[in-house]
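Participant: One predicted model, sequence on top.
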Amino acid sequence: MADTPSRNSAYFDIPAIAASLPVASETMLVDTRLTDEPAASSRVFRAYHPVPLHYHATCDEYLYLLSGRATFTVDYGPPKELRPGEMVFFKKGIVHSIPDLLEHPVVFLTVDTPRRDPRDVIFVNPAEGTVESFIKTK
């Protein structure tokens, strides 16, 4: 999936990585981590279930929708429909969610700055999710 000519660079076949994600999951998301540097991490993830309001304490996030359609909320705002080719950005601590998955597969390319620890997810209502129910890394 990744062709790494050196330790300082890599090429990624994003459509192939997206296609390798499972068809179904019990977790809300499944991701494949592409890079994992202190300054930034990048991932491809697929959403399988709506994601309740949550935030990340340590990083800003850039989400680029590769496929599917979903609604997305940022900072308690109204849901906005995202279509392939659209990107959403928000700073650390900003509450966000994916309330509806409208067309599958919903797959995002994401960049977190600085690096997002996989356990950095805080649900507004803790009864709606845990780190374990949120995401599984492929």
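Facilitator: Perfect, thanks for sending it. As the structure is a computational prediction, the values presented were derived from the model and not from experiment.

Participant: avg pLDDT for stretch 104-112?
Facilitator: Stretch 104-112 shows a mean pLDDT of 98.

Participant: swap that for stretch 131-138, sorry
Facilitator: 95.

Participant: Then stretch 23-35?
Facilitator: So the average pLDDT for stretch 23-35 ends up being 97.

Participant: Can you get me the start-to-end distance on it?
Facilitator: Across its full length, stretch 23-35 reaches 23 Å between end residues, using Cα to Cα, to the nearest Å.

Participant: Nearest residue to the middle of the protein?
Facilitator: Taking Cα atoms, centre = their mean, the centroid of the chain lies closest to Phe45, which sits 5.1 Å from it.

Participant: helices or strands up against the helix or strand it falls within?
Facilitator: Using DSSP states H and E, Phe45 sits in strand 40-47. If you count contacts as 3 or more Cβ pairs under 8 Å, 6 or more residues apart in numbering; DSSP states H and E, strand 40-47 packs onto helix 14-19, strand 29-37, strand 60-74, strand 96-113. Just so you know, the C-beta spots here come from the backbone N, C-alpha and C atoms, and that holds for glycine as well.

Participant: Swap in 6 Å and give it another go.
Facilitator: With contacts defined as 3 or more Cβ pairs under 6 Å, 6 or more residues apart in numbering; DSSP states H and E, the packing partners of strand 40-47 are strand 29-37, strand 96-113.

Participant: Outside of the shortest one itself, list whatever touches it.
Facilitator: Outside of strand 29-37, the residues that reach it under the criterion Cβ atoms under 6 Å, 6 or more residues apart in numbering are 12, 17, 21-22, 41-47, 135-138.

Participant: Now for those: which two are most distant?
Facilitator: For the contacts of strand 29-37, the maximum inter-member distance is 21.0 Å, found between Pro22 and Ser41 (Cβ to Cβ).

Participant: who's more crowded, the two?
Facilitator: Ser41 (20 against 11; other Cβ atoms under 10 Å).

Participant: Let's verify the residue lying closest to that one once chain neighbours are set aside: helix, strand, or coil?
Facilitator: Counting by Cβ to Cβ, 6 or more residues apart in numbering, Ser41 lies nearest to Arg115, which is 4.3 Å off, once chain neighbours are set aside. On the three-state scheme (DSSP: H, G, I helix; E, B strand; the rest coil), Arg115 is labelled coil.
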